[in-house]
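A.B. asks: Just to be clear, the model below is a prediction. Sequence and coordinates:
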Amino acid sequence: MILIFNNKDGSCYLACNSVPNNDILEDINYTVVEYAEFKSSHIYTYNNGVVVDNGERVININDFELFELEYAAKEYQRLRKAEYPDLEEQLDALYHYFTDNNIENNFTNMLNEVKLKYPKPEVQ
């Protein structure tokens, strides 16, 4: 069984037979662990590189429904992410917006320092 743990608090985020696609995991910093002794009625945590079996748990259907609601509520984020240009294009557009409108700030100053250090060759 594959267990996926949330690195923030060590909680078991998901138990499955194979690693799921990135859409399910994109919003968490996680660790994937293969664990042979898995029991579906137990609660697992991950601490200092060790899977900890915390014994029996009571399954609350509301927890699963809440997970489904939270996942569905973030659908717009997944759709946007798929269509946004990559970060390099976004930052380039932002830089040119600032410089085209004579807006000086830490962002443009930082990039201008590098541009001055390594000027673009003139084309003849």
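C.D. replies: Received the coordinates, thanks.

A.B. asks: Go through the helix or strand hosting Val114 and flag the buried ones.
C.D. replies: Assignment of secondary structure by DSSP states H and E places Val114 within helix 106-117. Neighbour counts over helix 106-117 (16 or more other CB atoms under 10 Å) mark Thr108, Leu111 as buried. C-beta coordinates here come from the backbone N, C-alpha and C atoms, glycine included.

A.B. asks: List the contacts of that helix.
C.D. replies: Among residues not part of helix 106-117, those counted as contacts by CB atoms under 8 Å, 6 or more residues apart in numbering are Leu94, Tyr95, Phe98, Thr99.

A.B. asks: just the helices in this protein please.
C.D. replies: Under the criterion DSSP state H, helices of the chain are mapped to 22-25, 61-73, 75-83, 87-100, 106-117.

A.B. asks: Show me what counts as buried in the longest one.
C.D. replies: Looking back up the chat, that one is helix 87-100. Here helix 87-100 shows Tyr95 as buried, counting by 16+ other CB under 10 Å.

A.B. asks: quick one: that helix to helix 106-117, angle?
C.D. replies: Orientation note: helix 87-100 sits at an angle of 90 degrees relative to helix 106-117 (axes from the mean of the first three to the mean of the last three CA atoms, to 10 degrees).

A.B. asks: quick check: mean pLDDT across helix 87-100?
C.D. replies: Rounded to a whole number, the mean pLDDT of helix 87-100 is 95.

A.B. asks: which secondary structure elements does it contact?
C.D. replies: If you count contacts as 3 or more CB pairs under 8 Å, 6 or more residues apart in numbering; DSSP states H and E, helix 87-100 packs onto helix 106-117.

A.B. asks: Give me the neighbour count for Tyr44.
C.D. replies: Residue neighbour count, defined by other CB atoms under 10 Å, stands at 22 for Tyr44.

A.B. asks: circling back: Asn21: which of the contacts of helix 106-117 is nearest?
C.D. replies: Closest approach to Asn21 among these (CB to CB): Leu94, at 30.7 Å.

A.B. asks: what domains does the record give for this protein?
C.D. replies: The record's domain split for the chain, according to automatic domain parsing, is 2-83, 87-117.
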